[in-house]
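Chemist: I need the structure of the sequence given here:
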Amino acid sequence: MADTARILVIEDESPIRKFLRISLESNGFAMLEAETAEQGLRMASAEPPDAVVLDLGLPDSDGLDVMRRLREWTSVPIIVLSARGREADKIAALDGGADDYLTKPFGVGELLARLRVALRHASRGSRPEEPTFQVGGLRVDLAARRAFIDEGEVHLTPTEYRLLTTLIRHVGKVVTHRQLLKEVWGPDSVEENQYLRVYLGQLRRKIERDAARPRYLLTEPGVGYRLVDE
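Modeler: Residues are numbered from 1 along each chain as shown. Next up, the predicted model:
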């Protein structure tokens with residue numbers, strides 16, 4: 001995948017663009033770069049990339065507006081790279097269509113890992129849906145609506161199963177509390193965070209070897225949850 005994937009970096013700080021170019025190209029990616037929102041939007045349209053790395057603090061427009069404009073016509077993975085580290089900023093970006101969010105300063109290893117996950121997720125979405133999901137010892141037969149951990153069947157309630165399959169649809173991505181509540185319980189329940197805490201805890205106790213140190217269902221503090229992809 002990394003041999004051909006083209007990454008569009010929309011970032012106004014030249015040193016960061018230079019650092020990303022060295023890091024991406026040394027790992028087999030091709031990089032396109034833009035230093036303004038308008039330039040980035042033009043490039044995304046003229047040379048559609050496989051993923052976008054987007055800074056929120058651009059000189060001519062807010063990165064959230066760039067993301068909203070991109071989402072009007074493309075589902076390309078978008079990873080936000082920003083100095084804004086508040087939970088509210090992360091939630092706004094993820095609810096606005098970002099696939100992931102990294103706060104500056106960041107580690108290049110983590111960025112590359114997040115990119116690989118986003119690209120895998122995107123390529124999986126372009127193929128027919130698989131009837132079975134598996135990561136590590138967790139296997140879910142989506143056709144039969146049955147879940148297994150280390151080959152032993154796990155008996156889930158209907159709500160636990162809906163929660164798990166919602167996370168499977170977004171595997172590898174951070175899913176915000178609000179998004180999970182809306183998809184599992186409906187739009188009238190988006191403020192009922194206690195539902196999520198209770199059922200996520202129950203689900204962890206059933207599929208994790210150690211619910212206090214989860215392997216599959218990770219918490220993004222104050223933001224949401226992520227089902228691991230590897």
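Chemist: Only C-alpha atoms from now on, for both contacts and neighbour counts.
Modeler: Noted.
Chemist: burial of Glu25, as a residue count?
Modeler: 15 (other C-alpha atoms under 10 Å).
Chemist: Mind listing what's buried along the helix or strand containing it?
Modeler: In the assignment (DSSP states H and E), Glu25 maps to helix 14-26. Going by neighbour count (16 or more other C-alpha atoms under 10 Å), the buried part of helix 14-26 is Arg17, Leu20, Arg21, Ser23, Leu24.
Chemist: Also stretch 74-94?
Modeler: Val76, Pro77, Ile78, Ile79, Val80, Leu81, Ser82, Asp89, Lys90, Ile91, Ala93, Leu94.
Chemist: likewise stretch 97-110?
Modeler: So for stretch 97-110, counting by 16+ other C-alpha under 10 Å, buried means Gly97, Ala98, Asp99, Asp100, Tyr101, Leu102.
Chemist: Packing partners of the top helix by length along the chain?
Modeler: Longest helix in the chain, counting residues (DSSP state H): helix 108-125. For helix 108-125, the packing partners by 3 or more C-alpha pairs under 8 Å, 6 or more residues apart in numbering; DSSP states H and E come out as strand 51-55.
Chemist: Could you give the bridge partners of Asp62?
Modeler: Counting by DSSP bridges, Asp62 forms beta bridges with Gly57.
Chemist: Determine which two of the buried residues of stretch 74-94 are furthest apart.
Modeler: Pairwise distances across those peak at 20.7 Å for Val76 and Asp89 (criterion: C-alpha to C-alpha).
Chemist: My guess is Ser189 contacts Leu181. True?
Modeler: Yes - contact between Ser189 and Leu181 holds when scored by C-alpha atoms under 8 Å: they sit 6.1 Å apart.
Chemist: higher neighbour count, the two?
Modeler: Leu181 (21 against 15).
Chemist: Ignoring the adjacent residues along the chain, who's closest to that one?
Modeler: Val190 (5.1 Å; C-alpha to C-alpha, 6 or more residues apart in numbering).
Chemist: where does the one you found land on pLDDT?
Modeler: We have a pLDDT of 76 for Val190.
Chemist: Identify the residues contacting it.
Modeler: His177, Arg178, Gln179, Leu181, Lys182 (C-alpha atoms under 8 Å, 6 or more residues apart in numbering).
Chemist: Would you format those as TSV with secondary structure included?
Modeler: Output for the contacts of Val190, formatted as TSV (DSSP: H, G, I helix; E, B strand; the rest coil):
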residue	secondary structure
His177	helix
Arg178	helix
Gln179	helix
Leu181	helix
Lys182	helix
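Chemist: got a list of contacts for stretch 150-168?
Modeler: 133, 137-139, 145-148, 175, 180, 183-184, 199-200, 202-203, 206-207, 226-227.
Chemist: any idea of the mean pLDDT in that stretch?
Modeler: Rounded mean pLDDT across stretch 150-168 is 93.
Chemist: Check the secondary structure at Leu164 for me.
Modeler: helix.
Chemist: and the helix or strand that the helix holding Glu25 is followed by, what does it pack onto?
Modeler: Counting by DSSP H and E, the next helix or strand C-terminal to helix 14-26 is strand 30-34. Strand 30-34 is packed against strand 6-10, helix 14-26, helix 37-46, with contacts defined by 3+ C-alpha pairs under 8 Å, 6+ apart.
Chemist: which other helices and strands contact the shortest one?
Modeler: Packing partners of strand 6-10 (3+ C-alpha pairs under 8 Å, 6+ apart): strand 30-34, helix 37-46, strand 51-55.
Chemist: per-domain residue ranges of this protein.
Modeler: Domain assignment of the chain by automatic domain parsing yields the ranges 6-125, 132-227.
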